[in-house]
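Chemist: next come a sequence and a model predicted from it.
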Amino acid sequence: MAKPPLKTLLLSIIGLIAITVVIKNAIIPSIIDPVKKLEQASANRKKQINTLNKLKRTADQHSKRLAKLSTLGFANSSAEAIAKMGEHITQVIKQCKLNETEFSRRPFEPRAIVKNGPKPIGYTVSGIGSVKKITDLLFLLQNDPHIQRVENISLSPISGSTNVRVNFQFISLVIGTKYGKFKGTNSPPIKPKIKSEARNLYTGITKRALFLPYEKRPPLPPTPSKKPIVSNTPPPPGPESYKVVSLSQWKGKQEVMVYNSNKNETKSYKLGDTLAGGIIVMIDYRQMPFPKKPELFSQSRVIISIETDYWAIERGNTMADIYQLKPEQLPEKLIKNQL
């Protein structure tokens, strides 16, 4: 079988490449891209549906709550609710043994909380009575089982009388039936009572003279200061009371003289004696700078062994100035002993 000419073979390869490029860049995108767009649009729609379902569930929950709250309103219609609300205020005024003729009740329409939501209704109430009875009135209204709120309370004295004038607003909501009918069961409302522990919490109001001028309380008598206890026992002498005054050597024996300023006496110590919490091992006569004043030189010091370390007190210093010797500061004799 004869082989195809090289030119024909090259043309076939170029044709295959061209077809591949066309399929990849034109045909495949024209098929796949619309599918991808449809998949993306479908995913977006699913997200929107899920969001709407969540909003619907939330709205259903709020509707159920509002339907339950509607059972605590005065009525489902505004006109009926305003009428019943006014009657209720009158009943509470009488319950507190206040004079109904000395009270005025004017209905007003508070500003709506939510557009197209439950409608607020209210009364502006003004009247006269004793502080105790007015307190009873406010207590009963503030703890009323209906949907309610007491606002803008003000009290003012009446000249020549022990009574006071009270002004306040009593507000409620008309929810209506558009949120559905409550299908559950409500526990019976608990009506507040004047003779109760809750009312007793207001007793402090009635016992105070609310409208008398403020009188500053007299200052408390000064607390007698306690005299500090002075001890006649002097404190124990510290290390600064002991001063190394002499470091001598006589007939081969070294001697350390320490002056006790607390007792005004000088005591002699020899090698092997206990001093400053350690054992005296030698007197060193090398010239060395003072630890705290390196510009000055000391001519001698007592060296004390405390456990495995060596400490020194310069002549003329106190035991409070004791310091630990570094290895390079040790006399040759002590270095040999360590080896």
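Modeler: Structure's in. What do you need?
Chemist: going by C-alpha atoms from here, please, whenever you check contacts or count neighbours.
Modeler: Noted.
Chemist: now do the helices in the stretch 201-339 of the chain.
Modeler: Here the stretch 201-339 of the chain has its helices, by DSSP state H, counting those that start in this stretch, at 203-207, 332-338.
Chemist: just want the most central residue of the protein.
Modeler: In the chain, the residue lying closest to the centroid (CA atoms, centre = their mean) is residue 201, at 29.8 Å.
Chemist: just read off the phi/psi values of it.
Modeler: Per-residue torsions, residue 201: phi -70, psi -20 (degrees, to the nearest 10).
Chemist: hmm, back to that, turn the helices of the stretch 201-339 of the chain into a markdown table, columns for mean neighbour count, mean pLDDT and distance to residue 168.
Modeler: Output for the helices of the stretch 201-339 of the chain, formatted as a markdown table (neighbours: other CA atoms under 10 Å; pLDDT from 0 to 100; distance: least, CA to CA, whole Å):
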| stretch | mean neighbour count | mean pLDDT | distance to residue 168 |
| --- | --- | --- | --- |
| helix 203-207 | 12 | 75 | 17 |
| helix 332-338 | 10 | 75 | 96 |
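Chemist: can you put those in TSV and add distance to residue 255?
Modeler: TSV is the format used below for those (distance: least, CA to CA, whole Å):
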stretch	distance to residue 255
helix 203-207	86
helix 332-338	18
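Chemist: of the ones you listed, which is nearest residue 57?
Modeler: Closest approach to residue 57 among those is made by helix 203-207 (46.5 Å; CA to CA).
Chemist: now the closest one - C-alpha only, CSV.
Modeler: Extracted C-alpha coordinates of helix 203-207, given in CSV (Å, rounded to 0.1, in the frame of the first residue of the first chain):
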residue,chain,number,x,y,z
THR,A,203,-45.0,52.1,100.0
GLY,A,204,-41.8,54.1,100.1
ILE,A,205,-43.4,56.6,97.7
THR,A,206,-46.4,57.3,100.0
LYS,A,207,-44.2,57.7,103.1
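Chemist: helices or strands next to that helix in the packing?
Modeler: helix 131-142 (3 or more CA pairs under 8 Å, 6 or more residues apart in numbering; DSSP states H and E).
Chemist: can you name every helix or strand that the helix it packs on contacts?
Modeler: helix 78-95, strand 149-157, strand 164-174, helix 203-207.
Chemist: quick one, longest helix in the protein?
Modeler: If you go by DSSP state H, the chain has its longest helix at helix 28-70.
Chemist: quick one: it to chain centroid distance?
Modeler: When distances are taken as CA atoms, centre = their mean, to the nearest Å, helix 28-70 is centred 40 Å away from the chain's centroid.
Chemist: mean confidence score for that helix?
Modeler: Averaging pLDDT along helix 28-70 yields 76.
Chemist: let me know the angle separating it from strand 164-174.
Modeler: 130 degrees (axes from the mean of the first three to the mean of the last three CA atoms, to 10 degrees).
Chemist: ok, now how distant is the closest residue to residue 324 other than its chain neighbours from residue 270?
Modeler: Using CA to CA, 6 or more residues apart in numbering and skipping residues adjacent in sequence, the residue nearest residue 324 is residue 311, 4.3 Å away. Using CA to CA, to the nearest Å, residue 311 is found at 16 Å from residue 270.
Chemist: and for residue 304?
Modeler: Using CA to CA, residue 304 is found at 11 Å from residue 270.
Chemist: show me which of the two is the more surrounded one.
Modeler: Neighbour totals were compared for residue 304 and residue 270, and residue 304 leads with 27 against 17 (other CA atoms under 10 Å).
Chemist: residues near the residue lying closest to the more buried one once chain neighbours are set aside, how many?
Modeler: In space, residue 304 comes closest to residue 280 once its chain neighbours are excluded; the distance is 4.5 Å by CA to CA, 6+ apart. Counted with other CA under 10 Å, residues neighbouring residue 280 total 23.
Chemist: contacts only, for residue 280.
Modeler: 270, 271, 272, 273, 274, 302, 303, 304, 305 (CA atoms under 8 Å, 6 or more residues apart in numbering).
Chemist: would you mind giving those as a markdown table with pLDDT added?
Modeler: Shown next, in a markdown table, are these (pLDDT from 0 to 100):
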| residue | pLDDT |
| --- | --- |
| 270 | 88 |
| 271 | 88 |
| 272 | 88 |
| 273 | 90 |
| 274 | 87 |
| 302 | 90 |
| 303 | 90 |
| 304 | 91 |
| 305 | 89 |
